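Enquirer: Sequence plus predicted model, see below.
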Amino acid sequence: MGDENLNDLISDFARFYILTILYEAPAHGYSILRKFKARVGRTISPGIVYPFLQKLEERGLITHHVTSVGEKERKVYALTDEGRELCNRLFKRFARLVATAIEPSLDVCANCGCKLYEGGYTEVIGGVKMTFCCIHCAQSYKRERGMRHDAPTSSMNGVGGAK
Ligand SMILES: [Zn+2]
């Protein structure tokens, strides 16, 4: 029954993607189908979309209102606060998963060795661009190697200052 497993996986992904579409903006069923096709490059079965929308609505995660387009009436679905909250949690969990998966390629602070998930502080030292977690690590890196550090001696500013 390998086909069934694959279908499960595809519909899990489809549900996740439907949530990202609704997270961006309210949408009616047909525009969800269209956006999915445009971005993922494959058609999604209405048999996945509509029952899922119905379940989301039963759980209070989305609501809908009806607009008429010409002769037709269309239900426009929008996330509720609760639904938005669920998405935030899901996306965060997903982002963490991705960060973990790519971890070996993450930058590491040249001074303290901590992992840099985003950004970091870079400075060109001796003609080499180096990455640190913060400016303080860059300074102590240079200090330890007896390099000129042109930071002002104000690292204690504000601490114990006279009032
Ligand atoms: Zn550091």
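Expert: Happy to help now that I have it.
Enquirer: And the helices in the chain, which stretches?
Expert: 2-24, 29-40, 46-58, 81-101, 135-144 (DSSP state H).
Enquirer: Would you mind listing what in the chain touches the ion?
Expert: 109, 111-112, 133, 137 (C-beta under 5 Å from the ion). Using the backbone N, CA and C atoms, a C-beta is placed for each residue, glycine as well.
Enquirer: Sort out which one of those lies nearest Leu79 for me.
Expert: Of all the residues of the chain next to the ion, Cys133 has the smallest distance to Leu79: 35.9 Å, by C-beta to C-beta.
Enquirer: is it true that that closest one touches Tyr117?
Expert: No - with contacts counted by C-beta atoms under 8 Å, Cys133 stays clear of Tyr117, the gap being 10.1 Å.
Enquirer: more neighbours, these two?
Expert: Using other C-beta atoms under 10 Å as the criterion, Cys133 and Tyr117 rank with Cys133 on top: 20 against 13.
Enquirer: Tell me the pLDDT of Thr153.
Expert: pLDDT, Thr153: 47.
Enquirer: and what of Val66?
Expert: 94.
Enquirer: Quick check: the gap between the most centrally placed residue in the chain and the ion.
Expert: Centroid-nearest residue in the chain: Ala95, 4.9 Å away (criterion: C-alpha atoms, centre = their mean). From Ala95 across to the ion, the span is 23 Å (C-beta to the ion, to the nearest Å).
Enquirer: now swap in Ile21 and tell me
Expert: For Ile21, the distance to the ion - C-beta to the ion - is 39 Å.
Enquirer: Which parts of the chain belong to which domain?
Expert: Per the record, the chain has its domains at 2-101, 106-144, by automatic domain parsing.
Enquirer: buried ones in the last one?
Expert: Read it as domain 106-144. 107, 109-111, 120, 123, 125, 130-133, 137-139, 141-142 (16 or more other C-beta atoms under 10 Å).
Enquirer: For Thr20, grab the count of nearby residues.
Expert: If you count neighbours by other C-beta under 10 Å, Thr20 ends up with 15.
Enquirer: Report pLDDT for it.
Expert: 94.
Enquirer: got the contact list for Glu73?
Expert: 66-67 (C-beta atoms under 8 Å, 6 or more residues apart in numbering).
Enquirer: Roughly how far does it sit from Phe36?
Expert: To Phe36, Glu73 is 22 Å away according to C-beta to C-beta, to the nearest Å.
Enquirer: Please tell me I have it right and Leu90 contacts Leu19.
Expert: Yes - between Leu90 and Leu19 there is a contact at 6.8 Å, judged by C-beta under 8 Å.
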